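Enquirer: the following block contains a protein sequence and its predicted model.
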Amino acid sequence: MTSSNDASASPALPYQARGSLEGRTLLMSGGSRGIGLAIATRAARDGANIVLLAKTGKPHPKLQGTVFTAAEQLEAAGGQALPLVGDVRDDDDVAAAVAAAVERFGGIDIVVNNASAIDLSRTDAIDMKRYDLMQDINVRGTFLLSKLALPALRKSGNAHILTLSPPLNLDPKWAGMHLAYTMAKYGMSLTTLGLAEELKNDGVAVNSLWPCTLIDTAAIRNMPGGEQIVQAARGPRIMADAAHAVLTGSHLAGSNPNGGSASDTGNFYTDEQVLKAAGVEDFRPYSLGAPEAKLVPDIFL
């Protein structure tokens, strides 16, 4: 079975890209492992430049991978990588990451807001430190990284902000299940909604992407019963391919081989939606073996 941290060892998958990220510079929050690393690795296969801002500079006792091992994987895949140890909650760290990306690669074309914290506790059980952590990483971190990268993005010929957050679904079900987490993730999605409108005349596309099913990650595996839960999940490569499709415009009719269109903005895409538009008809290769009907749906959908 392919592990959640092995984003490059998967067998051939059904997505056929219509564009490339070669030579483009991507700044990502997080990315030491999981979905973020899979997205970065897919970009690196095109020859992209990847700047990773992540906290994990030293091995974690429970989670595989550091920002430095991730950079090694990206360079092995064919990209250039700049690993930066830092915290998306820290203004100085984020400003330094933006400056380092511009200095090393001459600019920034893509920002991926990947870093996120999760706690599904109900209101009476949530620790307020965990509440603050989710607000600081998910909402403030997304806003801050996007904000500080804007001057560089406006200079790009084809700029994009992609945030891993769900559609804004106001069905009370989701707020009632895990209010603190829902507020934090919807804060990320509101950032997409607002920035897309604010930047619509600036040549910067802003979109969100969310999985239709549970995705196999180290964080899920470390949860109680996680090893069993992920048997009904898909691997992170589905999100990597979907992100690649959005960033290259491979999901758009008459797509531009040099990247997506700035007019493709303000969308809350799902991985299946994007990949179907890009020509994928069979999603079974993305799963870990469970029948499609047995896959666990992700939350918010």
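Expert: Yep, it's here.

Enquirer: report the buried residues of stretch 84-100.
Expert: Residues of stretch 84-100 classed as buried: 84-90, 93-94, 97-98, 100 (neighbour count, 16 or more other Cβ atoms under 10 Å). Backbone N, C-alpha and C define where each C-beta goes, glycine included.

Enquirer: oh, that last question was meant for stretch 179-189, not what I typed.
Expert: The neighbour-count check on stretch 179-189 (16+ other Cβ under 10 Å) flags 180-182, 184-189 as buried.

Enquirer: and for stretch 198-217?
Expert: The neighbour-count check on stretch 198-217 (16+ other Cβ under 10 Å) flags 199, 203-217 as buried.

Enquirer: kindly check the end-to-end length of it for me.
Expert: 34 Å (Cα to Cα, to the nearest Å).

Enquirer: for residue 188, see how far away the spatially most central residue of the chain is.
Expert: Centroid-nearest residue in the chain: residue 114, 4.0 Å away (criterion: Cα atoms, centre = their mean). According to Cβ to Cβ, to the nearest Å, residue 114 and residue 188 sit 10 Å apart.

Enquirer: hmm, back to that, closest to residue 108 out of the buried residues of stretch 84-100?
Expert: residue 98 (6.9 Å; Cβ to Cβ).

Enquirer: ok, the closest one - contacts?
Expert: By Cβ atoms under 8 Å, 6 or more residues apart in numbering, the contact set of residue 98 is 27, 108, 145, 148-149, 152.

Enquirer: out of the residues you listed, grab the one that's most surrounded.
Expert: Neighbour counts for these (other Cβ atoms under 10 Å) peak at residue 27, which has 31 neighbours.

Enquirer: columns pLDDT, secondary structure and distance to residue 136 on top of the buried residues of stretch 179-189, output as TSV?
Expert: Below are the buried residues of stretch 179-189 laid out as TSV (pLDDT from 0 to 100; DSSP: H, G, I helix; E, B strand; the rest coil; distance: Cβ to Cβ, whole Å):
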residue	pLDDT	secondary structure	distance to residue 136
180	98	helix	12
181	97	helix	14
182	97	helix	16
184	98	helix	9
185	98	helix	14
186	98	helix	15
187	98	helix	11
188	98	helix	12
189	98	helix	17
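
Enquirer: circling back to that earlier point, pretty sure the residue nearest to the centre of the chain contacts residue 28?
Expert: Yes: between residue 114 and residue 28 there is a contact under Cβ atoms under 8 Å: 5.3 Å.

Enquirer: can you list residues touching both of those two?
Expert: By Cβ under 8 Å, 6+ apart, residue 114 and residue 28 have these common neighbours: 36, 39.

Enquirer: now the helix or strand containing residue 81: mean pLDDT?
Expert: Secondary structure from DSSP states H and E places residue 81 in strand 80-85. Average pLDDT, strand 80-85: 98.

Enquirer: about what we covered before: looking at the buried residues of stretch 198-217, which one is closest to residue 69?
Expert: Nearest to residue 69 among the buried residues of stretch 198-217 is residue 217, at 16.0 Å by Cβ to Cβ.

Enquirer: now do the spatially closest residue to that closest one that is not a sequence neighbour against residue 65, distance only.
Expert: Among residues not flanking residue 217 along the chain, residue 34 sits closest, at 4.0 Å (Cβ to Cβ, 6 or more residues apart in numbering). The gap separating residue 34 from residue 65 is 9 Å, by Cβ to Cβ.
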